[in-house]
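> structural data only, the sequence is not supplied:
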């Protein structure tokens, strides 16, 4: 880069000779094998630098049939749930590498943009990515049917069920039902829903179904006027929703927020307005996702934990199986476990 | 993948013919150009799927001299500061793409692992990545000097100054000095430091220097017994540190936490123990980073905002300039602005 003139054409053998190691060792360094001694790796990298050696990815992938790179695409890294998910998928890949199967996960953020999701899915294939794990927001089953032959793909989340590719998701209906049953057991009767707008069809619909099932099983009905759409799913939207709910002549005695981020804003507004939250207090508040900050709000937030680490491991395992298998496997629908986390806010 | 037999060798022209568009249009879709109509893109992708067409990345990059892919490597995506940074770098790249220069940012998480950082830096080059933005934790200047010829690299953070590559960082000394001056102005005198352990040499050292400068400018000295190392920088570590500080016979009247994540745990513990936080109360608490949750803690947290969006844009701009420039540019040291955010916790 820095030096001018013709690019060098150093070979693997040139690097090996300069570093005083075997060509196999250079290859191990290039392929990121974990069992190379740091001093050796250092020497090889130094020789590569001095000779301006370029890894020939095409040659590598021709030999192995793969690039060793997969992508995880999430809508927003600024949502702590997706940041945690990314973290756990990368950790799972690191553990795979320790077992000898080197795999690198790169993260992409789609901003819920359909075109971006399509580009990513279309980019799967032996030239760059061995496979993609995607939490789609815009992509439809029809898109996938047009794009599937491109390469291994694992879908996360609730937007597409029974599509032409592997799908990993938790049971949102059951989780929402259990959360609501907990509120009803604690004597809550007027349950408000915040953030379950129609725009987030899949997930919101399933959670609403679960809430309704629990309410109806208790012989009650959901009050439609207590279902508040919000303009977004950030903390500020939860804050504004709290004010709209609490200035009603008949405020709710429980608020189920679509996710923890919204619930954090709700708790903040209730705290500023001096409204008591928790058992025996004016209102109970719950979320979904169990993001790290939910244990540290005042009061700590009751929520649903999606066992993100297990979900991440499962998704990666399914993808690697699909990449490595020589058989044509049928699309799989895999449901991961969840658990209710009861804290001081309910 | 799913179908057996010989892999197809469909050409760009085959795809164009099947989709009923020009080869140029197929090329635009492949290269992710923004000005392709969605229906056209759809038709091209469909034809590519039907023909099992594979994008030939090597041909693309030979033509353009680049792959159009850069990586951002952060130590932990589970730290909201780095998740926000990743989000803003990806957004900045999206804006570049709208201006016609298509660039895709993929995110990597290094877990502060030196070997991982070295591999990533060694992987820069025309075969896969056009460049890397990295917030190093283990990498030294010596590593970089051995690896630099590999390709364009931008360093973030405080670990390496005056290295052989471009460096973008905020002024941590000034920020810490301003934060501490604010505490002193509010009458705080016994200032505790939490999480400024020696293990995080660069950043912690600079912030400690700034704090000391402000304290000494006020004619005071820092109490060494009020400098608490912690085992990690998560919320739980802030929580434990709060208890150790508050059970002292002479507790501090202000706590400067190394980052907001630690401060969030500190605030939670003080709330549970009924210790008042804020102006006129027993103790003031501050952090660094202005992560999204810091405006929503009870009380809201005083902190330093690194203007992450601007920092992200600057880092990407510097990297793209380095990738695209035909000249040999000298390494640049760029300082980005910051601002003190005073909230209810001080």
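Arrived safely, thanks for sending. Just so we're clear, the structure is a prediction, and the values are computed from it rather than from any experiment. Numbering: from 1, shown residues only, chains lettered A, B, ... in the order given.
> what about residue A:237, distance to chain B?
For residue A:237, the distance to chain B equals 12 Å [Cβ to the nearest Cβ, to the nearest Å]. Where C-beta positions appear, they are placed from N, C-alpha and C, glycine not excepted.
> repeat for residue A:334
19 Å.
> that residue: neighbouring residues, count only.
Applying other Cβ atoms under 10 Å in any protein chain shown, we find 15 residues neighbouring residue A:334.
> over to it. Which of the three states is it?
State at residue A:334, reduced to three classes by DSSP: H, G, I helix; E, B strand; the rest coil: strand.
> would you check that it makes contact with residue A:317?
No: judged on Cβ atoms under 8 Å, residue A:334 makes no contact with residue A:317 at a distance of 9.6 Å.
> near chain B, anything from stretch A:73-84?
Yes: applying Cβ under 8 Å from any Cβ of the partner chain, one finds stretch A:73-84 in contact with chain B at A:76, A:77, A:78, A:80, A:83, A:84.
> looking at this, residue A:343 is in a strand?
No: looking at residue A:343 with three-state DSSP, it is coil, so not inside a strand.
> how near is it to residue A:296?
10 Å (Cβ to Cβ, to the nearest Å).
> neighbour-wise, which of these two wins?
A direct count of neighbours by other Cβ under 10 Å for residue A:343 and residue A:296 places residue A:296 higher, at 23 against 16.
> can you flag the buried ones in the residues of stretch A:73-84 next to chain B?
Buried by 16 or more other Cβ atoms under 10 Å in any protein chain shown: A:76, A:77, A:78, A:80, A:83, A:84, out of the residues of stretch A:73-84 next to chain B.
> can you tell me the closest non-neighbouring residue to the fourth one?
Put plainly, it is residue A:80. Of all residues not flanking residue A:80 in the chain, residue A:291 sits nearest, at 4.0 Å (Cβ to Cβ, 6 or more residues apart in numbering or on different chains).
> now residue A:197
residue A:229 (4.2 Å).
> which phi and psi does the one you found have?
phi -70, psi 150 (degrees, to the nearest 10).
> same check, this time on residue A:208
Residue torsions, per degrees, to the nearest 10, at residue A:208 are phi -60, psi -40.
> where along the stretch 1-150 of chain A do the helices fall?
Taking DSSP state H, counting those that start in this stretch, the helices of the stretch 1-150 of chain A run over residues A:12-19, A:23-30, A:38-50, A:57-64, A:80-98, A:114-122, A:141-147.
> export these as a markdown table, with columns for mean pLDDT.
A markdown table is the format used below for the helices of the stretch 1-150 of chain A (pLDDT from 0 to 100):
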| stretch | mean pLDDT |
| --- | --- |
| helix A:12-19 | 86 |
| helix A:23-30 | 77 |
| helix A:38-50 | 73 |
| helix A:57-64 | 45 |
| helix A:80-98 | 91 |
| helix A:114-122 | 78 |
| helix A:141-147 | 77 |
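> stretch A:319-329 close to chain B?
Yes: on the criterion Cβ under 8 Å from any Cβ, stretch A:319-329 is in touch with chain B at A:322, A:328.
> shaky segments in the stretch 51-200 of chain A?
Low-confidence segments of the stretch 51-200 of chain A, defined by pLDDT under 70: A:52-66, A:100, A:123-128, A:147-150, A:198-200.
> ok, now with 90
A:51-71, A:78, A:94-106, A:108-131, A:136-153, A:157-165, A:197-200 (pLDDT under 90).
> so residue A:252, which state does it fall into?
coil.
> need the contact list for it.
A:190, A:191, A:192, A:226, A:245, A:283 (Cβ atoms under 8 Å, 6 or more residues apart in numbering or on different chains).
> ok, for it, nearest residue in space, not its chain neighbours?
Per Cβ to Cβ, 6+ apart, closest to residue A:252 is residue A:192, 3.7 Å.
> just to be sure, the one you found is in a helix?
No: using three-state DSSP, the assignment for residue A:192 is strand, not a helix.
> so what's it bridging to?
residue A:255 (DSSP bridges).
> separation between it and residue B:14?
57 Å.
> more neighbours: which of these two?
residue A:192 (26 against 17).
> shouldn't that one be in contact with residue A:257?
No: in this structure residue A:192 lies outside contact range of residue A:257 using Cβ under 8 Å: 9.1 Å.
> for chain A, what spans make up the strands?
Along chain A, counting by DSSP state E, strands occupy A:69-74, A:104-109, A:131-134, A:153-156, A:166-170, A:191-194, A:227-228, A:254-257, A:284-286, A:303-305, A:333-336, A:339-341.
> for the shortest one, packing partners?
Using 3 or more Cβ pairs under 8 Å, 6 or more residues apart in numbering or on different chains; DSSP states H and E as the contact definition, the elements that strand A:227-228 packs against are strand A:191-194, helix A:235-246.
> direction included, what does it pair against?
strand A:191-194 (parallel).
> centre of the chain to the strand it pairs with, how far?
Distance, stretch centre to chain centre, for strand A:191-194: 25 Å (Cα atoms, centre = their mean, to the nearest Å).
> quick one: distance of stretch A:108-120 to the chain centre.
Using Cα atoms, centre = their mean, the offset of stretch A:108-120 from its chain centre is 14 Å.
> what residues of it count as buried?
For stretch A:108-120, burial by neighbour count (16+ other Cβ under 10 Å) applies to A:108, A:109, A:110, A:111, A:112, A:116, A:117, A:118, A:119, A:120.
> now the third one: closest residue in space, sequence neighbours ignored.
Leaving out its chain neighbours, the residue that sits closest to residue A:110 by Cβ to Cβ, 6+ apart is residue A:116, at 4.6 Å.
> pretty sure the one you found contacts residue A:122?
No: counting by Cβ under 8 Å, residue A:116 does not reach residue A:122; the two are 10.7 Å apart.
> and the gap between residue A:309 and residue A:203?
20 Å.
> now residue A:333: closest residue in space that isn't a chain neighbour?
Once flanking residues are discounted, residue A:333 sits nearest to residue A:167: 5.2 Å by Cβ to Cβ, 6+ apart.
> go on, residue A:237?
The nearest residue in space to residue A:237 (Cβ to Cβ, 6+ apart) is residue A:230, at 4.2 Å.
> neighbours of that neighbour, just the number please.
20.
> returning to that earlier point: going by distance to residue A:338, which of the residues of stretch A:73-84 next to chain B wins?
residue A:84 (14.5 Å; Cβ to Cβ).
> which residues does the closest one contact?
Contacts of residue A:84 by Cβ under 8 Å, 6+ apart are A:291, A:292, A:308, B:77, B:78.
> what about it, distance to residue A:290?
Counting by Cβ to Cβ, the gap from residue A:84 to residue A:290 is 9 Å.
> what's the answer for residue A:277, then?
Distance of residue A:277 to residue A:290, computed by Cβ to Cβ: 18 Å.
> what about these two, which has more around it?
residue A:290 (25 against 21).
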